[in-house]
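Novice: Test case, fold it:
(one chain, ligands or ions: 1)
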Amino acid sequence: MRLILLGPPGAGKGTQAQRLVERHGLVQLSTGDMLRAAVAAGTSVGRTAKDLMDRGELVPDDLVVAIVSGRIDQPDAKKGFILDGFPRTVPQAEALDRMLADKGLKLDAVFELKVDEDILTSRVEKRVAEMRGRGESLRSDDNPEALQKRLAAYRAQTKPLVAYYAQKGALNTVDGMLPIPHVAAAIDSVLSSLPQASGSGAARAESSS
Ligand code: AMP
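Specialist: As a prediction, the model looks like this:
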């Protein structure tokens with residue numbers, strides 16, 4: 001299966017992706033994780049991305065698209081993957097369509113985790129405060145200013161993807177405010193109704209162009 005998880009920061013994409021990894025044997029392709037690894041390794045990609053990420057802004061589309069394309073070619077992604085944090089702009093989604101078509105692959109489903117942004121903000125702030133209290137290391141963009149920027153970037157640049165995938169008939173909206181197991185059950189219920197839930201992929205998100 002090849003899936004996309006859409007949703008603002010703190011909506012639970014990572015949590016649900018992890019669960020899908022355990023339950024369905026897919027790999028989680030998180031562009032945020034890949035970029036943080038590039039920053040930590042001090043690569044040229046990492047040097048370009050670091051300040052933008054710290055400010056809560058998006059890194060350039062071409063850079064992220066190249067990372068994802070390379071990652072999808074890795075052997076472990078052959079069994080299926082969950083895109084977490086990608087695509088984040090309409091040009092990225094269009095590039096993904098072209099990339100998958102070139103590789104002879106198709107998406108099975110896109111999930112939007114829909115959340116109340118005010119509740120989300122307090123949820124993220126609480127998580128950050130708890131982590132700080134436990135002395136755990138925080139991400140450099142886990143602060144109120146960067147969080148507001150990340151939410152604004154979501155609204156302006158990523159939210160249009162909801163209409164983009166709805167128009168393709170690929171969108172499944174899940175209430176992300178429900179408890180984690182309920183969100184997981186809603187996702188599983190959609191997955192079990194897919195024509196080829198465990199196979200090489202259906203055509204639900206096939207490009208209409
Ligand atoms: P995340 O871990 O998904 O919250 O991403 C952390 C940061 O990485 C974002 O605020 C962006 O700066 C950058 N980033 C992650 N994924 C993308 C993407 N698909 N396009 C552009 N920037 C991204």
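
Novice: Name the residues of the protein found near the ligand, please.
Specialist: With CB under 6 Å from any ligand atom as the criterion, the chain comes near the ligand at residues 9, 31-32, 35, 52-53, 56-59, 64, 85-86, 88, 92, 141, 150. In this view, the C-beta of every residue, glycine as well, is placed from N, C-alpha and C.

Novice: ok, now with 8 Å
Specialist: Within reach of the ligand by CB under 8 Å from any ligand atom, the chain has these residues: 9, 13-14, 30-33, 35-36, 49, 52-53, 55-61, 63-64, 68, 84-89, 92, 139, 141, 146, 149-150, 153.

Novice: quick one: which of the residues you listed sit in strands?
Specialist: Here DSSP state E is the test, and the residues of the chain next to the ligand give 30, 84 as lying in strands.

Novice: mind listing the helices for the protein?
Specialist: Using DSSP state H, the helices assigned to the chain run over residues 13-24, 31-41, 44-55, 61-72, 90-103, 117-133, 144-153, 160-167, 180-192.

Novice: what's the closest of those to residue 78?
Specialist: Of all the helices of the chain, the one in closest proximity to residue 78, counting by CB to CB, is helix 61-72 (9.1 Å).

Novice: Could I have the PyMOL command that selects the buried members from the residues of the chain next to the ligand?
Specialist: Selection of the buried residues among the residues of the chain next to the ligand in PyMOL, burial being defined by 16 or more other CB atoms under 10 Å:
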select buried, resi 9+13+14+30+31+32+35+36+49+52+53+56+57+58+59+61+63+64+68+84+85+86+87+88+89+92+141+146+149+150+153
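
Novice: I figured residue 12 was touching residue 184, is that so?
Specialist: No: Residue 12 is beyond contact range of residue 184, at 9.5 Å (criterion: CB atoms under 8 Å).

Novice: Who has more neighbours out of those two?
Specialist: Shown here are residue 12 and residue 184; by other CB atoms under 10 Å, residue 12 has more neighbours (21 against 18).

Novice: Quick check: pLDDT value at that one.
Specialist: Looking at residue 12, its pLDDT is 91.

Novice: Then residue 142?
Specialist: Looking at residue 142, its pLDDT reads 85.

Novice: for the residue lying closest to it once chain neighbours are set aside, what are its contacts?
Specialist: Of all residues not flanking residue 142 in the chain, residue 128 sits nearest, at 5.0 Å (CB to CB, 6 or more residues apart in numbering). Counting by CB atoms under 8 Å, 6 or more residues apart in numbering, residue 128 touches 138, 142-143.

Novice: Now tabulate those in CSV and tack on neighbour count and distance to residue 117.
Specialist: Output for those, formatted as CSV (neighbours: other CB atoms under 10 Å; distance: CB to CB, whole Å):
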residue, neighbour count, distance to residue 117
138, 11, 21
142, 19, 17
143, 15, 17
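
Novice: Out of these, which comes closest to residue 178?
Specialist: The shortest approach to residue 178 among the contacts of residue 128 belongs to residue 142, at 24.0 Å (CB to CB).

Novice: Now do the contacts for the closest one.
Specialist: Here residue 142 is in contact with 124, 128, 131 (CB under 8 Å, 6+ apart).

Novice: Please identify which of the residues you listed is nearest to residue 77.
Specialist: Minimum distance to residue 77 across the contacts of residue 142 is 29.1 Å, recorded for residue 124 (CB to CB).
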